[in-house]
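Chemist: Sequence and predicted structure below; questions after.
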Amino acid sequence: MKRNHGMDGGKLGQLGQEAINNGRLFKTVNQMGFMNIGPSDEYVSEFVRFSATADGPVADLGCAFGHKAKLMLDAGAKTVIANDIAKEHLDVFEQTLSEEERKRVILLPGDAIKACSELEAGSLAGVLAANWLHFLEGSDVRKVFGLFYRVLKPGGLLVVVTASHKCGLIKDQGELLRQRIEAGDEWPGWISNAQIQGTTEQKMIPGHMQFIEPEQLVREAKLAGFEVKKYSHVARHDYPEFYRFDGREASGLVAFKPAH
């Protein structure tokens, strides 16, 4: 059985990318957090396994330097669409690929929402959206779930992972979140950069972040028409201390577009 290694941290370093957390996290070039090359969580792992036998192209949207896309290639995925808003990330990803791997990759630079709008309807077997929905406003989160539904073929798989209300970046904002939830705020996790824990962390993220609970992912998936298979919090034990809290730092979702 072929082992899935994913991205080579040493190679990324040679290509000039800045590493933190003992070389397992690499800062993005556009103040959109970091890419983790450590062990995959259960949601990403499920998508990688699916990609190995998918009956059509799979997409890693918002892929940063392409670690998860590389895992899909290692698993045997026939066609992987690698999308990121920063073309510089995709340029680095391309340099890590073998000639054979490049034949199975489609590089798609640009905003993920725009990319989903332009891809052919029903053209994808699977979509992975890992670690970027937390950069969207609530209205755009809802919009992109509709676009995920549009681009997937019937029976297609959607996997989403995003930062939750339990993320260590906002561990001091529990009372604010509670008040917003009690007031019926549909998107209580919209937090400004100034409220993020620590000045160093503030430099790694944009002006706001949208922290989303698993139940909110379920709500949006069902509104878009998906059938939900699984959802839960996700631990980030291998992330930096500033990101960790109580083992519920992220939210994950697995859903399918109905086959009929």
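Modeler: Noted; the coordinates are in hand.
Chemist: So residue 167 is in contact with residue 213, correct?
Modeler: No - using C-beta atoms under 8 Å, residue 167 makes no contact with residue 213, being 10.7 Å away. (C-beta placed from N, C-alpha, C; glycine too.)
Chemist: Looking at these two, which one has more neighbours?
Modeler: More crowded of residue 167 and residue 213, by other C-beta atoms under 10 Å: residue 167, with 28 against 20.
Chemist: ok, the residue lying closest to the more buried one once chain neighbours are set aside - how many residues close by?
Modeler: Leaving aside its chain neighbours, residue 167 sits nearest to residue 249 (4.8 Å; criterion: C-beta to C-beta, 6 or more residues apart in numbering). Per other C-beta under 10 Å, the neighbour tally for residue 249 reads 23.
Chemist: Likewise for residue 130?
Modeler: 25.
Chemist: ditto for residue 222
Modeler: Residue 222: 13 neighbours (other C-beta under 10 Å).
Chemist: confidence score at it?
Modeler: pLDDT, residue 222: 99.
Chemist: That one reaches residue 228, doesn't it?
Modeler: Yes - assessed by C-beta under 8 Å, residue 222 is found in contact with residue 228 at 6.6 Å.
Chemist: Need the mean per-residue confidence for the longest strand anywhere in the chain.
Modeler: Ranked by residue count under DSSP state E, the longest strand found in the chain is strand 152-163. For strand 152-163, mean pLDDT rounds to 98.
Chemist: And that strand, what's buried?
Modeler: For strand 152-163, the neighbour count (16 or more other C-beta atoms under 10 Å) marks 152-153, 156-163 as buried.
Chemist: of the residues you listed, closest to residue 137?
Modeler: residue 162 (13.4 Å; C-beta to C-beta).
Chemist: Looks like that closest one contacts residue 214 (just checking).
Modeler: No - with contact defined as C-beta under 8 Å, residue 162 does not reach residue 214; the gap is 9.5 Å.
Chemist: Give me the common contacts of the two.
Modeler: Common contacts of residue 162 and residue 214 (C-beta atoms under 8 Å, 6 or more residues apart in numbering): residue 251.
Chemist: Confidence-wise, which helix or strand of this structure is lowest on average?
Modeler: Across the helices and strands of the chain, mean confidence by mean pLDDT, DSSP states H and E is lowest for strand 19-20: a mean of 44.
Chemist: Test for you: state the pLDDT assigned to residue 217.
Modeler: 99.
Chemist: any idea how far it is from residue 90?
Modeler: Using C-beta to C-beta, to the nearest Å, residue 217 is found at 26 Å from residue 90.
Chemist: between the two, which one's more packed in?
Modeler: residue 217 (27 against 23).
Chemist: in the stretch 151-260 of the chain, what spans have low per-residue confidence?
Modeler: By pLDDT under 70, the low-scoring segments of the stretch 151-260 of the chain are 193-195, 197-207.
Chemist: switch to 50 and redo it
Modeler: 202 (pLDDT under 50).
Chemist: could you pull out the helices for it?
Modeler: 174-182, 199-202, 214-224 (DSSP state H, counting those that start in this stretch).
Chemist: Deepest in the core, which of those helices is it.
Modeler: helix 214-224 (a mean of 19; mean count of other C-beta atoms under 10 Å).
Chemist: between that helix and strand 152-163, how many degrees?
Modeler: Relative orientation of helix 214-224 versus strand 152-163 (axes from the mean of the first three to the mean of the last three C-alpha atoms, to 10 degrees): 160 degrees.
Chemist: Tell me, how many residues neighbour residue 165?
Modeler: Residues near residue 165, counting by other C-beta under 10 Å, number 24.
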